[in-house]
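K.L.:
Need coordinates for the below:
(one chain, ligands or ions: 2)
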Amino acid sequence: MSHHEYRFTAGPWNIHSGADPFGPPVRQEIPFADKIKRLHEIGYHGVQFHDDDIVEAEADWTTAERTAREVKKLLEEHGLVAEFVAPRLWEDPRTIDGAVTSNDPDCRRYALDRSKRCLDLARVIGTNKIVLWPAREGTYLREAKDAKLAVERMTEYINALLDHDPECLILGEMKPNEPMDQAYFPTVGHFIGLAYRTKDPDRVGALIESAHAILAGLDPSDEMGYALAHGKLWGVHLNDQNGLKFDEDKSFGSVDLRRAFNQVRILDENEYGTNGEMVGFDVKALRTQKDEVCYRHLENSRRTFLRLLEVVRSVDAGRLERLRAERDYEALDQYILDKLMGIE
Ligand code: GLO
Ligand code: MG
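P.N.:
Ligands and ions are numbered 1, 2, ... in the order given. Below you'll find the model as predicted:
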């Protein structure tokens, strides 16, 4: 197995002032250029963007293009690249009841136009990947929308994006709930099923977020295995999640180290990254964190990934195979625990 290097990314939204639904910001807002500089200093290679992290959604195209070029230049000055751009479709009043699955055709039109523009922005900033997190493509109550039509609308929407940019790659980032009660595409399997219904399945894949899989009651590394088996794991949002509650975006490995170990293991065993895929984190600093240490969650997540990588690569494959063959899963269990405790 090759021992390739990993490239790490995070989004500007991962460095934030700590506001939550119950309280105001508790830290200074950090200028975008400072975030970029610091990401490079702490060992990151790229940046994930929403369209409006680059330029406000209402800007005319001339302004948008110019601003995107400036942002690209800034990235280049720090040796960074853009990993993807995601249309932030969930904040505009026109997407209150969904962007793609809204019952209102004007709202759906807005969402499609904005998404096409997102593809154009992605090109300017130097990536052909866009990420779709279908935040409001679901319902608060069953009777509000048509579940079958929702799938048809999502397929049409993706087809329109594939037509708009014949080189683009579309990565679905699925989450079962929050902000909606029930999402129409709660897991990676749902989205990959839909990918095969589009006009160019080879350009439709997935980004898997650990916390989203956990919220669906699933193991993130198994979800990754599913996408890998389809050749469709093109991005990850590694983080952690303590049970079934709001999406916590905790530092990678901070709740369940073994679950994190297994994510690193499946990625490394399948040489994730050798086709240009990056290791993205979607982690948030704890609200209690002071200004001067507000990047620590990003430093820690990267450090934990790299440390777990050493553990993964130190696993004795022959021993593992033997224990599997003997079906001695108790011994296997303890072997992995000892590895994680640094005893083996
Ligand atoms: C929220 C999602 C969100 C996306 C981001 C990029 O639960 O994880 O943060 O990752 O908007 O698509
Ligand atoms: Mg995410």
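K.L.:
In the stretch 101-250 of the chain, which residue sits closest to ligand 1?
P.N.:
Nearest to ligand 1, among the residues of the stretch 101-250 of the chain, is residue 133, at 3.8 Å (C-beta to the nearest ligand atom). Bear in mind the C-beta positions are built from the backbone N, C-alpha and C, glycine included.
K.L.:
Nearest spatial neighbour of that residue, chain-adjacent residues omitted?
P.N.:
Leaving aside its sequence neighbours, residue 133 sits nearest to residue 173 (C-beta to C-beta, 6 or more residues apart in numbering; 4.3 Å).
K.L.:
how far away is residue 6 from residue 336?
P.N.:
21 Å (C-beta to C-beta, to the nearest Å).
K.L.:
so what's residue 25 up against?
P.N.:
By C-beta atoms under 8 Å, 6 or more residues apart in numbering, the contact set of residue 25 is 17, 18, 19.
K.L.:
Next, the first one: phi, psi?
P.N.:
In this entry, residue 17 is assigned phi and psi values of phi -90, psi 0 (degrees, to the nearest 10).
K.L.:
these two touch, right, it and residue 35?
P.N.:
No - applying C-beta atoms under 8 Å as the test, residue 17 and residue 35 come out as separate, 11.9 Å apart.
K.L.:
Neighbour count for these two, which is higher?
P.N.:
Ranked by neighbour count (other C-beta atoms under 10 Å), residue 17 and residue 35 place residue 35 first, with 20 against 15.
K.L.:
that's a strand at the more buried one, yeah?
P.N.:
No - counting by DSSP: H, G, I helix; E, B strand; the rest coil, residue 35 falls outside a strand, being helix.
K.L.:
and the longest helix for this structure?
P.N.:
If you go by DSSP state H, the chain has its longest helix at helix 105-125.
K.L.:
Show me what it packs onto, helices and strands only.
P.N.:
Under the contact criterion of 3 or more C-beta pairs under 8 Å, 6 or more residues apart in numbering; DSSP states H and E, helix 105-125 touches helix 51-54, helix 61-77, strand 81-86, strand 129-132, helix 147-164.
K.L.:
Report the inter-axis angle for that helix versus helix 147-164.
P.N.:
Angle of helix 105-125 versus helix 147-164, following axes from the mean of the first three to the mean of the last three C-alpha atoms, to 10 degrees, is 40 degrees.
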